[in-house]
Every structure is written in C-alpha cells, then in structure tokens.
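Asks: Predicted model, plus sequence, below.
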Amino acid sequence: MIVRIRLGKGPRVRRARGVNRGALLALGALLTPAAWMAGVLAVWRLASDLQFAGEFGIASGVFSHWQVWLSTAAALGWGALALNRAASRDDDGSALS
C-alpha cells in the first residue's frame, strides 16, 4: 500500500534585508568591556615602567608594550561605538528615536 500526502504550496521563504540589530548590539556590548580591559593593561604597563606598580604579567613580545595596549583599547572602543551606532540606525540611514 502506498500512501501519498499532497501538500499545498506555502509562502516562499525570503531572506530578510538589512542588518541584524541584535547581533550588532551584542557584539558592541562585548567590545566595550574588552576595551576597558585593554586600557587597564595599558595603564598597568605604564605604571610598571614608571615603577609605580608591580611587574607586568607579560615580560616580552609585542604585548609587553603599553602603546600596543592603548591602541588596542582605542580600536576596540571605536569599534564598539561604530557597532552601537550602526545598530541604532534605521534601514534608510536615519537614526531611530
């Protein structure tokens, strides 16, 4: 015995246009504390160089310099700001209220 089930054609699945605001807001929210942590590491390394603080945890390599940590903090902060602004924009480019 063969049983055939006939299904009608439903609506076509279409890909949504625009940006995923939730993903942008989540990534922006995660980048903000990362920027603060990089800034704290920059201050710690600078204070260690001036002998105001104890020894810095990374003794050698690229990440042993405070300038790298400060520029990383600035880049992460700028990225978080850009993502949050992009998430708050409407599809036509105007700011949401």
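Replies: Structure's in. What do you need?
Asks: Count the residues that sit near L30.
Replies: 12 (other CB atoms under 10 Å). For the C-beta atoms, the positions are set from N, CA and C on the backbone; glycine is no exception.
Asks: ok, I5 to P11 distance?
Replies: I5 sits 19 Å away from P11, taking CB to CB, to the nearest Å as the criterion.
Asks: Equivalent analysis for G54, please.
Replies: 64 Å.
Asks: higher neighbour count, those two?
Replies: G54 (9 against 5).
Asks: Tell me the secondary structure at the more buried one.
Replies: Put simply, G54 is coil when judged by DSSP: H, G, I helix; E, B strand; the rest coil.
Asks: My guess is it contacts R45. True?
Replies: No - between G54 and R45 no contact is recorded; they are 11.3 Å apart, counting by CB atoms under 8 Å.
Asks: and the longest helix belonging to the chain, what other elements does it pack with?
Replies: Determined from DSSP state H, the single longest helix within the chain is helix 21-49. Judged by 3 or more CB pairs under 8 Å, 6 or more residues apart in numbering; DSSP states H and E, helix 21-49 is in contact with helix 66-87.
Asks: what residue ranges in this structure score low on pLDDT?
Replies: Counting by pLDDT under 70, the chain shows low-confidence ranges at 90-97.
Asks: Let's see that with 90 instead.
Replies: 1, 4-22, 57, 59, 86-97 (pLDDT under 90).
Asks: Please name the residues that touch A86.
Replies: V19, L24 (CB atoms under 8 Å, 6 or more residues apart in numbering).
Asks: and G10, helix, strand or coil?
Replies: Relying on three-state DSSP, one would call G10 coil.
Asks: Distance from the longest helix of the chain to the middle of the chain?
Replies: For helix 21-49, the distance from its own C-alpha centre to the chain's C-alpha centre is 10 Å (CA atoms, centre = their mean, to the nearest Å).
Asks: Mind listing what's buried along it?
Replies: Buried residues in helix 21-49, counted by 16 or more other CB atoms under 10 Å: 24, 28, 31-32, 35, 38-39, 41-42, 44-46, 48.
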